[in-house]
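*Asks:* show me how the following folds:
(chains A and B)
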Amino acid sequence: EPEVTQTPSHQVTQMGQEVILRCVPISNHLYFYWYRQILGQKVEFLVSFYNNEISEKSEIFDDQFSVERPDGSNFTLKIRSTKLEDSAMYFCASTTSGGAQETQYFGPGTRLLVL
Amino acid sequence: AQSVTQLDSQVPVFEEAPVELRCNYSSSVSVYLFWYVQYPNQGLQLLLKYLSGSTLVKGINGFEAEFNKSQTSFHLRKPSVHISDTAEYFCAVRALQAGTALIFGKGTTLSVSS
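*Replies:* All right, here's what the predicted structure looks like:
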């Protein structure tokens, strides 16, 4: 069964450094999402992406964040200058056409630790 | 805006016992409702979803949930749990427009012991 994959599974970085989290959505999916979960807290929506542009973003997704689909398979989340509070599990998800009734398929996550 | 409250952060049960994980939501618009499960070191996996029609929804692994509009609840149930059901369970809602985000609750840790 097709699945969403994410790399790396774990990343440790120093505060102020840039990180890029990578996701490979399911191949025929067109809508992509990033969520994050700070330890002990809710899974929170960051951004959705369709047709090479941001569809929706939350107030968390400020200027330090950016997303890109650099090629036909990868979907990336860049954090320009990491802060301690960016430490979290980051999940990528995808759906075929973005319909609200559709299942969002999630990757296993990248655990980011900012020191 | 939508919000989801999962009333229990941890639920310990013995194997073969029934379990109910509670979820209440708040929304000014109509929403779809979802339950996801996260096993250790894995991504979120859909258990079941309510879109319309019958308020009792059956999902994978013997789970079911009942949508109650008047109480704005979507509780998850299983009549007899297994050790392998030990996981984190997330209730989520989503507005009806395309491309909108899932809004999650904080999750409930189900621990099944023998």
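
*Asks:* next up, the contacts around residue B:61.
*Replies:* Going by CB atoms under 8 Å, 6 or more residues apart in numbering or on different chains, residue B:61 touches B:37, B:47, B:78, B:85. For the C-beta atoms, the positions are set from N, CA and C on the backbone; glycine is no exception.

*Asks:* repeat the analysis, applying 7 Å as the threshold.
*Replies:* With contact taken as CB atoms under 7 Å, 6 or more residues apart in numbering or on different chains, residue B:61 is in contact with residue B:85.

*Asks:* specify the local secondary structure of it.
*Replies:* Put simply, residue B:61 is helix when judged by DSSP: H, G, I helix; E, B strand; the rest coil.

*Asks:* also the one 4 residues further on?
*Replies:* With three-state DSSP as the basis, the three-state label of residue B:65 is strand.

*Asks:* how close does the residue lying closest to residue B:113 once chain neighbours are set aside get to chain A?
*Replies:* Nearest non-adjacent residue to residue B:113, counting by CB to CB, 6 or more residues apart in numbering or on different chains: residue B:14, 6.0 Å away. From residue B:14 over to chain A the distance is 26 Å, taken as CB to the nearest CB, to the nearest Å.

*Asks:* how many other residues sit next to residue B:14?
*Replies:* Using other CB atoms under 10 Å in any protein chain shown, residue B:14 has 11 other residues around it.

*Asks:* what does chain B have sitting close to chain A?
*Replies:* B:32, B:41-44, B:46, B:49, B:51, B:90, B:94-102, B:104-106 (CB under 7 Å from any CB of the partner chain).

*Asks:* pull out the buried members of these.
*Replies:* B:32, B:43-44, B:46, B:49, B:90, B:94-95, B:98-102, B:104-106 (16 or more other CB atoms under 10 Å in any protein chain shown).

*Asks:* show me which pair in these is furthest apart.
*Replies:* Based on CB to CB, the longest span within these runs between B:98 and B:106 and measures 26.5 Å.

*Asks:* next, residue B:84: secondary structure please.
*Replies:* In the three-state summary, residue B:84 is assigned as helix, counting by three-state DSSP.

*Asks:* quick check: bridge partners of residue 66?
*Replies:* Using chain A here. Here residue A:66 shows beta-bridge partners residue A:78, assigned using DSSP bridges.

*Asks:* can you look at chain B instead?
*Replies:* residue B:56, residue B:75.

*Asks:* now do residue B:49
*Replies:* In beta-bridge terms (that is, DSSP bridges), residue B:49 pairs with residue B:34.

*Asks:* test my guess that it contacts residue B:36.
*Replies:* No: the pair residue B:49 and residue B:36 fails to qualify as a contact (CB atoms under 7 Å) at a distance of 9.4 Å.

*Asks:* thanks again, I'm all set now.
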